[in-house]
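K.L.:
no sequence on hand, only this structure:
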């Protein structure tokens, strides 16, 4: 079964690349995900000799893994040049840490060369989850493991509902431009379809509160997550749709503290049979 969605990979790459310098300042949910993910990894007793971080970004995860697995050779890849450059700045060059600019759907490595592959907050931006998981499976050694976290289907459901309401209210022919996040079942099916055994998938909700909807949209832009929010439509009609979306969001979900933004984090694990 294939899981494919139309994503402008160039736009995703350029957006994250531009925001690399201030990404860690604004990526509050991603930092919470990282902390939970590191706890999740502790349950795995196997110590890798070679590990790969897919979508390494600014190197936040690799900084921790570099310390935890001090003798391992670690590699991080990211599609965005700006992110790769920032990761190189943030990581100590010790001959066992390498950062490459590469595509998760076409990993530039031979088969069976990593004992552990990890990833956080990345796979939701890929067009073909099956292809990406298949690539991870290919580069893992027999007995190797794959641990990851990605954003699931309930992510930003408030924004998506308000935007759809505004489009319908204006009888707009515009397509829903909000990002489609995958369900836990779809993620687990993609894991099994790629060949993994011992597949485990769970999810947790994370909540952020923003002053208002423009503040939420600015926060998404500051971390480069432009595909997560609707594109500002041009012209008077487009402006009215955006204004109605913001009002609907406030009316349906607003509190005295501001407006909530929900994120569903899907945590997954798979093993390549020996």
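P.N.:
Cool, got the structure. Owing to the predicted nature of the structure, the values given are computational and were not obtained by experimental measurement.

K.L.:
mind checking how far residue 44 is from residue 122?
P.N.:
Counting by Cβ to Cβ, to the nearest Å, the gap from residue 44 to residue 122 is 19 Å. For every residue, glycine as well, the C-beta is placed using N, CA and C.

K.L.:
more neighbours: these two, which one.
P.N.:
A side-by-side neighbour count of residue 44 and residue 122, using other Cβ atoms under 10 Å, places residue 122 first with 24 against 13.

K.L.:
which helix or strand lies directly C-terminal to whichever strand or helix holds residue 34?
P.N.:
Using DSSP states H and E, the element containing residue 34 is helix 28-42. In the C-terminal direction, the helix or strand that comes right after helix 28-42 (DSSP H and E) is strand 50-54.

K.L.:
so what touches whichever helix or strand comes after that following strand?
P.N.:
Read in the C-terminal direction, the helix or strand following strand 50-54 is helix 60-68, with elements assigned using DSSP H and E. For helix 60-68, the external contacting residues (Cβ atoms under 8 Å, 6 or more residues apart in numbering) are 24, 30-31, 34, 37-38, 41, 51, 53, 56, 72, 74, 76, 87, 90-92, 97, 118, 120.

K.L.:
what about helix 60-68, distance to the chain center?
P.N.:
What separates the centre of helix 60-68 from the centre of its chain is 18 Å, taken as Cα atoms, centre = their mean, to the nearest Å.

K.L.:
in the helix or strand just after it, what counts as buried?
P.N.:
Elements were assigned by DSSP H and E; along the chain past helix 60-68, the next helix or strand is strand 73-78. Of all the residues in strand 73-78, those buried under the rule 16 or more other Cβ atoms under 10 Å are 73-78.

K.L.:
stretch 93-112 too?
P.N.:
With burial defined by 16+ other Cβ under 10 Å, the residues of stretch 93-112 counted as buried are 97, 99, 101-105, 107, 109.

K.L.:
please enumerate the helices of this structure.
P.N.:
9-18, 23-26, 28-42, 60-68, 81-90, 129-139, 157-169, 184-194, 213-222, 235-253 (DSSP state H).

K.L.:
quick check: which helices or strands does the last one pack against?
P.N.:
Just to be clear, that refers to helix 235-253. In this structure, helix 235-253 packs against helix 157-169, helix 213-222, strand 259-271, with contacts taken as 3 or more Cβ pairs under 8 Å, 6 or more residues apart in numbering; DSSP states H and E.

K.L.:
helix 157-169 and the second one, what's the angle between them?
P.N.:
Going by axes from the mean of the first three to the mean of the last three Cα atoms, to 10 degrees, helix 213-222 is angled at 110 degrees with respect to helix 157-169.

K.L.:
list the buried ones in helix 213-222?
P.N.:
Along helix 213-222, these residues count as buried under the neighbour rule (16+ other Cβ under 10 Å): 213, 216-217, 219-221.

K.L.:
find me the pLDDT at residue 226, would you?
P.N.:
You'll see residue 226 listed with a pLDDT of 59.

K.L.:
so residue 120 bridges to which residues?
P.N.:
Legend: beta-bridge partners of residue 120 under DSSP bridges are residue 149.

K.L.:
neighbours of residue 178, how many?
P.N.:
Applying the criterion other Cβ under 10 Å, we find 20 residues in the vicinity of residue 178.

K.L.:
next one: the one 5 residues further on
P.N.:
Other residues lying near residue 183 total 16 when counted by other Cβ under 10 Å.

K.L.:
cool, thanks, signing off.
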